[in-house]
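1. using only what follows, build the 3D model:
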Amino acid sequence: MPTVTFIQPDGSRQDVEAEVGYSVMEAATLNSIPGIEAECGGACSCATCHVHVDAAWLGKLPEMEPMEDAMLDAANDREPSSRLSCQLQVTEALDGLTLTVVPPY
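-> A predicted model of the protein is given here:
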């Protein structure tokens with residue numbers, strides 16, 4: 001299983017094994033990652049699973065869809081590396097993906 005690393009705003013790190021086919025948000029919630037609230041359950045309608053993607057991974061992710069882009073416009077602390085973890089599907093190619101959790105409020 002691929003491993004995804006979540007970095008908290010305080011710098012603490014948690015590596016989780018993520019099942020292929022799940023979303024990164026699902027991997028986070030199944031492993032109780034603080035800060036990934038996922039209030040909408042992965043419907044791309046709340047931005048409470050907002051993360052900043054490590055620069056080394058930005059070019060390896062699929063392009064952002066317009067709905068995700070619009071939702072991130074309303075998100076706290078949007079940066080060029082911002083993504084919604086509910087919109088990132090786990091694949092073997094994402095083994096080692098590193099993300100920083102953005103506090104939802």
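
2. for Asp15, give me its contacts.
-> Contacts for Asp15 were tallied using Cβ atoms under 8 Å, 6 or more residues apart in numbering; they are 3-6. Where C-beta positions appear, they are placed from N, C-alpha and C, glycine not excepted.

3. how about the closest residue in space to Glu65 that isn't next to it in sequence, what does it touch?
-> Leaving out its chain neighbours, the residue that sits closest to Glu65 by Cβ to Cβ, 6 or more residues apart in numbering is Gln87, at 6.9 Å. By Cβ under 8 Å, 6+ apart, Gln87 lies in contact with 23, 44, 64-65, 68.

4. repeat for Ser82
-> Neighbours of Ser82 in contact, by Cβ under 8 Å, 6+ apart: 50-53, 72, 75, 102.

5. can you rerun that using 6 Å?
-> Neighbouring residues of Ser82 by Cβ atoms under 6 Å, 6 or more residues apart in numbering: 52, 72.

6. please state the backbone phi and psi of it?
-> phi -70, psi 140 (degrees, to the nearest 10).

7. can you map out the helices along this structure?
-> Using DSSP state H, the helices of the chain run over residues 24-30, 66-73.

8. ok so, going back, any chance of a ChimeraX selection covering the buried ones in the contacts of Asp15?
-> If you want just the buried ones from the contacts of Asp15 in ChimeraX, going by 16 or more other Cβ atoms under 10 Å, the selection is:
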select :4,6
